[in-house]
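> build the 3D model from these lines:
(chains A, B, C and D)
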There are 2 protein chains.
Amino acid sequence: MPNHKPSAAATPDLLEPTVAPAKRQRGGPKGLRITDVAALAGVAPITVSRVFNSPETVAPETLKRVRQVVQQLGYVPNRLAGGLSSSRSRLIAAIVPTIAHSLFSETIQVFSETMTRAGYQVLLALSGYSDSSEEALLDAVLSRRPEGVLLTGVAHTESLRERLHNVGLPIVETWDMTETPIDMLVGFSHYQIGVAVAEHFLQRNVRAPGLVSANDERALARRAGFRERLAQADIHEIAEVLVSPPSSVAVGKAALPTLLEQAPHLDAVFCGSDLLAIGVLGAARRLGLEVPSRLSICGFGDLEFATETTPQLTTVRVDGTRIGLTAARCLLDRLAGNDRIKVTDVGFHIVERETT
Amino acid sequence: MPNHKPSAAATPDLLEPTVAPAKRQRGGPKGLRITDVAALAGVAPITVSRVFNSPETVAPETLKRVRQVVQQLGYVPNRLAGGLSSSRSRLIAAIVPTIAHSLFSETIQVFSETMTRAGYQVLLALSGYSDSSEEALLDAVLSRRPEGVLLTGVAHTESLRERLHNVGLPIVETWDMTETPIDMLVGFSHYQIGVAVAEHFLQRNVRAPGLVSANDERALARRAGFRERLAQADIHEIAEVLVSPPSSVAVGKAALPTLLEQAPHLDAVFCGSDLLAIGVLGAARRLGLEVPSRLSICGFGDLEFATETTPQLTTVRVDGTRIGLTAARCLLDRLAGNDRIKVTDVGFHIVERETT
DNA sequence: CTGAAAGCGCTTACAG
DNA sequence: CTGAAAGCGCTTACAG
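Got it, this is the predicted structure:
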């Protein structure tokens, strides 16, 4: 049967489809699209787009009409499409070891609030404490095309640092300090904390200190500062228990007997977290060791309530809220095209509650 | 100058552009695309897509070659594009009042881990405790086209419930109980907790109980159960302090004197959180009120360490980890097309530490 | 202040 | 097992 193409009769039939090709069907009926709003409001889709993204460029009358239709239909723009088209995902990734035991949850809370207020959303990526799957995690994160990344701790592996550097995104590393940040940095020196706790113990005439700590990079930095400062005071024997996360009261409790085996005259313990410190405190009580007169215990991380419930403990307080806020501001400044101080040291305080 | 269109000479010149229209330029050079990988591997883009999304349908040889190129180039697929095209965002939204004070952070931790393992990512949305901006928050969340939503607490406003129902997404409400869930529910009854704490106090022969609590919906449900059970025992006068979040040790401390003004013979306090309870405990100590013999104090929320540091307190323990895990499973089952038990009551326990 | 056309980087739905 | 074409729902880059 011959082909009856009405126009362009000179065109060879064989190169032309017999009829307009049937439109491919993609899935069932989708949700509302910008064209639905546009049609009902009697404007072009681009105008609806402007109502959301640059309302100041739209005539007040048009704005009102479109918004009315949006409201009426309950239209919510599709940001997958918007992000793809504009290369602005409005997404910020936060990579955190864990939010369960609350060391970092305040930081993320404030960070998230601040980013939300600025029109971004936070993609939460929990890395755990193992580096093993970090490459996969980073792939997952980058596949969303975030406009910025908050890291907790400095990136460890060289390969990771390189990839993060290469993507060219604004990046804030937090909760740590390094000579060679990938980009921006808001944190403090774990090494210096170790030094400070050592000095605190030395002031109390400690002779046989011990350490209970995880073996992640930050904990090891505190340990190094602690050991080196003590070495300067000619204390070289340090009882040690390295524990794996998550740290808990129970782990702290179990650690004290082991420390006492290593150092029967143990008179101070530096713990990697307040939870561990509370555990050590409990074990000390049970053994009749008075705290802090017979045994000094120092924690890390500032559990708010601890001030009230365990005045015998000393702890190292870090302002997680300030870290989150500062990190958010760094990122936002950078996203706004401004420069930013690259490194902020928020420091720390040793909080001593009861001197005897 | 005349137009020299080589073919289709019969077509009216005026309807044809003089030359092929100049391609519009969209921004600078972008990152790697699937076509870059495809070209280098000598396959079509769709094959690269299959390597990521259904590797089992690709010949081993091809698979290997493409993966090698992916590795070599450091290609990371763009999920904004992928999600738009496939209508599968692989995103799950978690809407939580706050993660800072750790009541919910364990739930989110486990939920996030579980969803990540299943190939999803979690978009974290902090709602604060005010309902005011919840509509805007929901818009922001839905604009990412998540495939499921975890809510903390049951949705409050009717408008919100309706919208959530209408989007037709799998939804889990958590940390509460209701007769009319939007979809699935993993939680417990705050009202029943109030009843149980009242009974706990009654067993201790409490005569003049008080309450320190926030005034959010869940806190008010606990209050209702508490009051109603006490009313059955003919106790109608209940000293009350309603506080606004965030609750803290300091707020708890400040509350006790106010309660004592209302009820000089106060002999029990039910607090809306463990932090408040610790504050009340501190204030009681200062006033010389012995706990629990003279004053019973019950908290809520289970701060792990509290068992160790404040054995005088009673608390209501909820398994946040189980909630997170169960919620994740509910969502995943639904996403896999299976049915799921709609309502799971994980219950609660009253943990009494020191009986005298 | 508004709009028509093209393109963002993928995947679907076919076809072979 | 592999691929060409079309389409996902927006925004960019022009043009008026």
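> first-to-last residue distance for stretch A:170-188?
Stretch A:170-188 has its terminal residues 20 Å apart, counting by C-alpha to C-alpha, to the nearest Å.
> now it: buried residues?
Buried residues in stretch A:170-188, defined by neighbour count with 16 or more other C-beta atoms under 10 Å in any protein chain shown: A:170-178, A:181-188. Where C-beta positions appear, they are placed from N, C-alpha and C, glycine not excepted.
> over to stretch A:39-49?
For stretch A:39-49, a neighbour-count test (16+ other C-beta under 10 Å) marks A:40-41, A:43, A:47-49 as buried.
> and it, anywhere near DNA strand C?
Yes: using C-beta under 7 Å from any atom of the strand, stretch A:39-49 reaches DNA strand C at A:42-47.
> just the ones of those residues in helices?
A:45-47 (DSSP state H).
> go ahead and confirm residue A:67 touches residue A:51.
Yes: shown here, residue A:67 and residue A:51 form a contact pair, counting by C-beta atoms under 8 Å, at 6.4 Å.
> more crowded one of these two?
The neighbour count for residue A:67 versus residue A:51, taken as other C-beta atoms under 10 Å in any protein chain shown, is higher for residue A:51 (25 against 17).
> please report phi then psi for the more buried one.
Here is the backbone geometry of residue A:51 (degrees, to the nearest 10): phi -60, psi -40.
> can you show me the helices along chain A?
For chain A, the helices defined by DSSP H cover A:34-41, A:45-53, A:60-73, A:79-86, A:105-117, A:134-142, A:158-167, A:190-203, A:217-232, A:249-262, A:274-286, A:306-309, A:320-335.
> ranking those by burial, who's on top?
Stretch with highest mean neighbour count among those: helix A:274-286 (a mean of 25; mean count of other C-beta atoms under 10 Å in any protein chain shown).
> pLDDT of that one, averaged?
Per-region confidence: helix A:274-286 scores 92 on mean pLDDT.
> do that helix and chain B meet?
Yes: Helix A:274-286 lies within reach of chain B by C-beta under 8 Å from any C-beta of the partner chain, at A:274-275, A:278-279, A:281-282.
> for stretch A:168-183, same thing?
No: Stretch A:168-183 is not in contact with chain B by C-beta under 8 Å from any C-beta; minimum separation 9.2 Å.
> for that stretch, the distance to its chain's centre please.
Centre-to-centre, stretch A:168-183 and its host chain are 12 Å apart (C-alpha atoms, centre = their mean, to the nearest Å).
> list the contacts of the one residue in the stretch 201-350 of chain A that gets nearest to DNA strand D.
Relative to DNA strand D, the nearest point of the stretch 201-350 of chain A is residue A:335 (14.2 Å; C-beta to the nearest atom of the strand). Neighbouring residues of residue A:335 by C-beta atoms under 8 Å, 6 or more residues apart in numbering or on different chains: A:147-148, A:170.
> check residue A:298 too.
Applying C-beta under 8 Å, 6+ apart, we find residue A:298 in contact with A:197, A:200-201, A:268-271, A:277, A:313-316, A:350.
> so how far is residue A:311 from it?
13 Å (C-beta to C-beta, to the nearest Å).
> do the same with residue A:196
Distance, residue A:196 to residue A:311, using C-beta to C-beta: 20 Å.
> residue A:63 now?
Distance, residue A:63 to residue A:311, by C-beta to C-beta: 60 Å.
> residue A:147 now?
Residue A:147 sits 45 Å away from residue A:311 when distances are taken as C-beta to C-beta.
> residue A:122 too?
Separation of residue A:122 from residue A:311 (C-beta to C-beta): 36 Å.
> residue A:274 contacts residue A:315, doesn't it?
Yes: at 5.8 Å, residue A:274 counts as touching residue A:315 under the criterion of C-beta under 8 Å.
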